[in-house]
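[1] 3D, please:
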Amino acid sequence: MLHNPILPGFNPDPAICRKGDDYYIAVSTFEWMPGIPIYHSRDMKHWELLTHVLTDDTNPNLTKLPSAKGIWAPCLTYDEQAGLFTVVYGVMNSMNARYFDVENYLITAPSIEGPWSEPVYLTSSGFDASILHDDDGRKYIVSLEWETREGYEKPGVICLVEYDPEAQHVIGYPKRIWRGATDRGCIEAPHLTKRNGWYYLMCAEGGTGYNHAVTMGRSRNVWGPYEPDPNGPLVTSQPVESNERADDDHLKPRYFNPDSVLQKSGHGSYVDLPNGETYLVHLTSRPFVPELRCTLGRETAIQKMTWTDDGWLRMADGSNLAKLDVEEPNLPDVPMRETPAFDDFDDVELGNWYYAPRIMPGSFATVGERPGWVRLRGQESLASLNRVSLLARKLTSVHATVTTKMDFAPEVYQHHAGLVLYYDNMNNIFLSKYWSETLGGPAISLTRLENGEKTEMVDTRTAVDDRPLYLRVTVDGRRTWFAWSYDGDDWQRIGPDFDTTTFSDEYCKYGEFTGTMVGLACTDAALHERTADFDFFDYQADESQPVA
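    Below is the predicted model:
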């Protein structure tokens, strides 16, 4: 059986494609770099983080962008005729005044591991752009057209425009083609495919919250008109239909379904296997209940599908409710390289599972300067939207313990380094060593940012000496706590228990759509040059335990 989510933690907006016997999934990264991870599998059960598409933090330049802006909803396809992988993605620059200022781009590569071409600008009329490679060689870009006018249904409609790959430009203006297969509203995430002479337009409706759903329409003509699937949504967490076209709120917690472990299921992409089987990947979330807060963010799940005799896509079990456990495909098992739980930083390069907000990790983190350690050069505070030295990985379970060993010699109070639980620049908890003028020497303490309100937890201030420190954060369901040690055996708790659920889209006011990260950080608000060394990063997570 396949157990969902297949990609736990912050892995939203999945797009799946196949080349031969290889399957690839691309997901959104928003403000995090490197951008657009590519996961690889040969059996649809074992997935490895293979590579990333965007590895140049000057293109796109995400500095100064608020949380949850940046790289949205990649569409990954393989163009058989050209022999190229194609990724279409959006760079969301602003959501101010609900204008949603986005730039959509297209890049190609002969191999999934690159090299990737320079980005080609496509459109800015709306987000979630994707591409169809038609069998006659023509190409089409489909996206949401974001509605900014008063008196019109929001957030908008699906639009289509032809793309000329020789001129590297769209042909004319996008044309509106589809308002949705249901009345759930908030249509987005279009993927256009062609199968047996039909153009299939798969979308998300209901908003990326508790009324989310995968829907479909089809037409014999790429420009439409499209007929809706008579059975309604293909996949959802809330099977009860509703009319929410007048409500552009995306969360809609009133549609929480207590009978489903997987919530918010929608934004899907399907793949046909050579053996005739079909699978669909979609985003989903597992909230704490009753708080309805999703600390792990939006994750990637998979469902087994089947095509009906009259050409409609259905879940294989005959329902449309997203399932936790799914029948696996009839493919031989092919185990993949797992992301290591323990990293001793002995390799010559950083692991590809590390991320940083808005800039590439390699711009401030190096291995090799001190063999067996990673060295972070301090920059701006964790609240900054610019250049932050945070080397983080995705939290994939709310039952996890993260430990590191740090060697750091602060000289002024602006020098901080340590271990961070991080949702965004306005919500994080930092266990740091720093220079305390009050104590006249090095100390450790906790600092919390909660929806932009900073709390220096002075009651946790503890004098330490120049020896390396072991630092630990434990996430145990709803409770999270920190500890430190000189030897890694005798641990001392520091600070109170924190509420894990506050690290979530639903609680955080300044960002949406991402997920909780845990990482190593170094800040130097004086000269941006003080360094901190970390001997290892030990991430122990029990992904088999449910969110409680």
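[2] Against Glu453, how distant is Thr308?
    Per CB to CB, to the nearest Å, Thr308 is found 54 Å from Glu453. In short, each C-beta sits where N, CA and C put it, glycine included.
[3] Over to Pro37?
    The spacing between Pro37 and Glu453, counted by CB to CB, is 32 Å.
[4] of those two, who's got more company?
    Counted by other CB atoms under 10 Å, Pro37 and Glu453 do not tie: Pro37 has more neighbours, with 25 against 9.
[5] With only the CA atoms kept, save the helix or strand encompassing the more buried one in CSV.
    Using DSSP states H and E, Pro37 maps to strand 35-41. The C-alpha trace of strand 35-41 is given here as CSV (Å, rounded to 0.1, in the frame of the first residue of the first chain):
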residue,chain,number,x,y,z
GLY,A,35,13.6,26.6,-5.7
ILE,A,36,11.3,23.9,-7.1
PRO,A,37,12.5,20.5,-5.7
ILE,A,38,12.2,17.5,-8.0
TYR,A,39,11.4,14.2,-6.4
HIS,A,40,12.1,11.0,-8.3
SER,A,41,10.6,7.5,-8.2
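[6] Off-centre distance for that strand?
    Centre-to-centre, strand 35-41 and its host chain are 11 Å apart (CA atoms, centre = their mean, to the nearest Å).
[7] now whichever helix or strand comes after that strand: how far from the chain's centre is it?
    Remark: after strand 35-41, the chain's next helix or strand is strand 48-54, criterion DSSP H and E. Its chain's average C-alpha position is 13 Å from that of strand 48-54, according to CA atoms, centre = their mean.
[8] elements contacting strand 48-54?
    Helices and strands touching strand 48-54, by 3 or more CB pairs under 8 Å, 6 or more residues apart in numbering; DSSP states H and E, are strand 35-41, strand 84-94.
[9] now the strand holding Pro37 against strand 48-54, angle please.
    Comparing the axes of strand 35-41 and strand 48-54 via axes from the mean of the first three to the mean of the last three CA atoms, to 10 degrees yields an angle of 150 degrees.
[10] Show me what counts as buried in stretch 477-484.
    For stretch 477-484, burial by neighbour count (16 or more other CB atoms under 10 Å) applies to 478, 480-484.
[11] which residues touch that stretch?
    With CB atoms under 8 Å, 6 or more residues apart in numbering as the test, stretch 477-484 has contacts from 288, 398-399, 419, 421, 429, 431, 444, 446, 462, 469-474, 491-501, 547-548.
[12] Among those, which lie within strands?
    Among the contacts of stretch 477-484, the residues falling in strands (DSSP state E) are 399, 419, 421, 429, 431, 444, 446, 462, 469-474, 492-499.
[13] What's the ChimeraX line that selects buried ones from the residues you listed?
    In ChimeraX, a selection of the buried entries from the ones in strands among the contacts of stretch 477-484 looks like this (16+ other CB under 10 Å):
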select :399,419,421,429,431,444,446,462,469,470,471,472,473,474,494,495,498,499
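[14] quick one: which helix or strand includes the closest residue to Asp317 other than its chain neighbours?
    Distance criterion CB to CB, 6 or more residues apart in numbering; nearest residue to Asp317, sequence neighbours excluded, is Lys323 at 7.0 Å. Assessed by DSSP H and E, Lys323 sits outside every helix and strand.
[15] Now do the contacts for Lys323.
    Residues in contact with Lys323, defined by CB under 8 Å, 6+ apart, are 4, 262, 303, 315, 317.
[16] shaky segments in the stretch 1-150 of the chain?
    Counting by pLDDT under 70, the stretch 1-150 of the chain shows no low-confidence range.
[17] Distance check, the closest residue to Pro258 other than its chain neighbours against Lys323.
    Once flanking residues are discounted, Pro258 sits nearest to Val289: 7.6 Å by CB to CB, 6+ apart. Counting by CB to CB, the gap from Val289 to Lys323 is 18 Å.
[18] Over to Asp465?
    As judged by CB to CB, Asp465 and Lys323 stand 54 Å apart.
[19] So Ser436 is in contact with Thr460, correct?
    No. Between Ser436 and Thr460 there is no contact under CB atoms under 8 Å: 11.7 Å.
[20] Report the set of residues contacting both of those two.
    Listed as contacting both Ser436 and Thr460 by CB under 8 Å, 6+ apart is no residue at all.
[21] now Asp343, nearest residue through space, not along the chain?
    Using CB to CB, 6+ apart and skipping the chain neighbours, the partner closest in space to Asp343 is Phe537 (4.6 Å).
[22] From what I see, the one you found and Lys405 are in contact.
    No. Look at Phe537 against Lys405 with CB under 8 Å: they stay out of range, at 9.4 Å.
[23] The two: which has the busier surroundings?
    Applying other CB under 10 Å to Phe537 and Lys405 shows that Phe537 carries more neighbours, namely 26 against 18.
[24] The more buried one belongs to a helix?
    No. Secondary structure assignment places Phe537 outside any helix; it is strand (DSSP: H, G, I helix; E, B strand; the rest coil).
[25] Okay, domains of this protein per the record?
    2-326, 342-541 (automatic domain parsing).
[26] Pipe the ones you listed into CSV and attach distance to Val334 per row.
    CSV is the format used below for the domains of the chain (distance: least, CB to CB, whole Å):
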stretch, distance to Val334
domain 2-326, 4
domain 342-541, 20
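[27] so which of those domains gets nearest Met336?
    Ranking those by proximity to Met336 (CB to CB) places domain 2-326 first, at 3.7 Å.
[28] what about that closest one, how long is it end to end?
    From its first residue to its last, domain 2-326 covers 5 Å (CA to CA, to the nearest Å).
[29] That domain: how far from the chain's middle?
    Remark: domain 2-326 is offset 13 Å from the chain centroid, using CA atoms, centre = their mean.
[30] Likewise for stretch 428-447?
    Between the centre of stretch 428-447 and the centre of its chain there are 32 Å (CA atoms, centre = their mean).
[31] buried sites along it?
    Residues 428-436, 442-447 are the ones in stretch 428-447 that count as buried (16+ other CB under 10 Å).
[32] and which of the residues you listed is nearest to Ser384?
    Comparing those against Ser384 with CB to CB places Asn428 closest, at 11.5 Å.
[33] how much space between the closest one and Ala383?
    In this view, Asn428 and Ala383 are 8 Å apart by CB to CB.
[34] Now the common contact residues for those two.
    Shared contacts of Asn428 and Ala383, counting by CB under 8 Å, 6+ apart, come down to Leu449.
[35] before we move on, back to that, redo the buried residues of stretch 477-484 as CSV? Include distance to Asp229 and secondary structure.
    Listed next are the buried residues of stretch 477-484 as CSV, based on distance: CB to CB, whole Å; DSSP: H, G, I helix; E, B strand; the rest coil:
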residue, distance to Asp229, secondary structure
Arg478, 39, coil
Thr480, 43, strand
Trp481, 48, strand
Phe482, 50, strand
Ala483, 53, strand
Trp484, 56, strand
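[36] Turn these into TSV, columns for pLDDT.
    Shown next, in TSV, are those (pLDDT from 0 to 100):
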residue	pLDDT
Arg478	98
Thr480	99
Trp481	99
Phe482	99
Ala483	99
Trp484	99
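[37] between the residues you listed, which is closest to Ala541?
    Nearest member of the buried residues of stretch 477-484 to Ala541, counting by CB to CB, is Thr480, at 13.3 Å.
[38] Could you give the bridge partners of the closest one?
    For Thr480, the beta-bridge partners are Val475, Phe498 (DSSP bridges).
[39] what do you get for Leu419?
    For Leu419, the beta-bridge partners are Leu431, Leu520 (DSSP bridges).
[40] Okay, helices next: where are they in the stretch 51-200 of the chain?
    Counting by DSSP state H, counting those that start in this stretch, the stretch 51-200 of the chain forms no helices at all.
[41] Mind listing the residues bridging to the closest residue to Gly172 other than its chain neighbours?
    The shortest distance from Gly172 to any residue other than its chain neighbours is 6.5 Å, reached at Val161 (CB to CB, 6+ apart). Counting by DSSP bridges, Val161 is bridged to Ile141.
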